[in-house]
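Chemist: kindly generate the corresponding structure for this input.
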Amino acid sequence: MKAVGYQKPQPISNAESLLDITLPEPVVTGHDLLVEVKAISVNPVDTKVRNSGAPADGQPYKVLGWDASGIVKAVGPDVTLFQPGDRVWYAGSIARPGTNAELHLVDERIVGHAPKTLDFAQAAALPLTAITAWEMLFDRLGIAPGKKPEGKTLLIIGASGGVGSIMTQLASRLTSLTVIGTASRPETQAWVKELGAHHVIDHSKPLAQELKAIGFPTVDYIVSLTQTDEHLAQILEAIAPQGKFGLIDDPKALDVMPFKRKSVSIHWELMFTRSLFGTADMVGQHHLLNEVAALVDAGLLRTTLAERFGSINADNLKKAHALLESGKARGKVVLEGWA
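Modeler: Predicted coordinates:
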């Protein structure tokens, strides 16, 4: 089968940073689905792993990719949730080979039935970011879905990116929160507003001042999706006493002691935790993805696909990685087909 991989971590500008390769077809066991990958999207985790992760022992290549949509080709003996021919979407496991391959093995418990109203490319844009956003809002921060007025506020730092684009929709459409997104360019500010944010502020300026300028001296929930190091002092100033602070990125250091005075709780989210540790509630991601698909089909959520980068090959993936590493991506970048 065709795939894209690499032999050692290298900058994306290097000719061998990603290579078109041929690999043996994988064989299903246990709860595995064998999926014909039709489309993939690229996430910051792809670039982080490519910069540091070597192939597994004894393997000549490392294959990246987590987001995927496709068709089930075969199922393992323990599979009960799917059958061959099903259209599926998922975000995979960081502990297994990735989706940048024509055929891919994934545990059924972290796979959902794809939305009926989206094509493969539109569907591939959503799983990883939707899981991350959903788990952060509803599992980690404990926000209750529903439109009962509570007067609470949510600040999303980096609202125009992949996770921010779906978190903005989930929070504005499924909760009573006043949603404030951050974006620094006119086109990204317009994107965040279009996705449902009630207010948009500029994260290149002091956040606490930007919030006060629109009438919010503090906010109840803050989720930092990028550059947490740079914004930490402003987050501390802007968050309300007894507020909740969530983050998904990788700050070099995180001094939590200043939050004690306000009794602020701090919440990490990594959507790979359930699959990495085989948690008892691992099947929750199956149910979550099915629920998101139903919301998409009902017209309550939209795909966050922003750019189609052509077919799945090394050259196009290099361009996608380079865009993400530039920090200028809006929404999600998707590749489709193997021509």
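
Chemist: and the residue nearest to the spatial centre of the chain, what's its pLDDT?
Modeler: Within the chain, the residue whose C-alpha comes closest to the C-alpha centroid is T129; the distance, by Cα atoms, centre = their mean, is 2.3 Å. T129 is assigned 95 on the pLDDT scale.

Chemist: list the helices and strands the helix or strand hosting it packs on?
Modeler: Remark: T129 resides in helix 127-134, with elements defined by DSSP states H and E. Using 3 or more Cβ pairs under 8 Å, 6 or more residues apart in numbering; DSSP states H and E as the contact test, the elements touching helix 127-134 are helix 162-174, helix 284-297. Glycine gets a C-beta too; all of them are placed from N, C-alpha and C.

Chemist: quick one, helices of the stretch 151-300 of the chain?
Modeler: All helices of the stretch 151-300 of the chain, identified by DSSP state H, counting those that start in this stretch, fall at 162-174, 186-194, 207-213, 228-238, 273-277, 284-297.

Chemist: go ahead and confirm A68 touches V37.
Modeler: Yes: with contact defined as Cβ atoms under 8 Å, A68 reaches V37; the gap is 5.1 Å.

Chemist: list residues touching both of those two?
Modeler: Common neighbours of A68 and V37 (criterion: Cβ atoms under 8 Å, 6 or more residues apart in numbering): 99, 104.

Chemist: surely P9 meets S52?
Modeler: Yes: taking contacts as Cβ under 8 Å, P9 lies within contact range of S52: 5.5 Å.

Chemist: so the two - more neighbours on which side?
Modeler: Comparing P9 with S52 by other Cβ atoms under 10 Å, the one with more neighbours is P9, at 15 against 8.

Chemist: just to revisit the earlier point, of the helices and strands packed on helix 127-134, flag the one that's most buried.
Modeler: helix 162-174 (a mean of 26; mean count of other Cβ atoms under 10 Å).

Chemist: could you list the single helix or strand in this protein with the lowest mean pLDDT?
Modeler: strand 305-308 (a mean of 92; mean pLDDT, DSSP states H and E).

Chemist: how about it: buried residues?
Modeler: Of the residues in strand 305-308, 305-307 count as buried by neighbour count, 16 or more other Cβ atoms under 10 Å.

Chemist: show me where the stretch 51-200 of the chain has strands.
Modeler: Taking DSSP state E, counting those that start in this stretch, the strands of the stretch 51-200 of the chain run over residues 62-63, 68-75, 87-90, 103-107, 111-113, 153-157, 178-182, 199-201.
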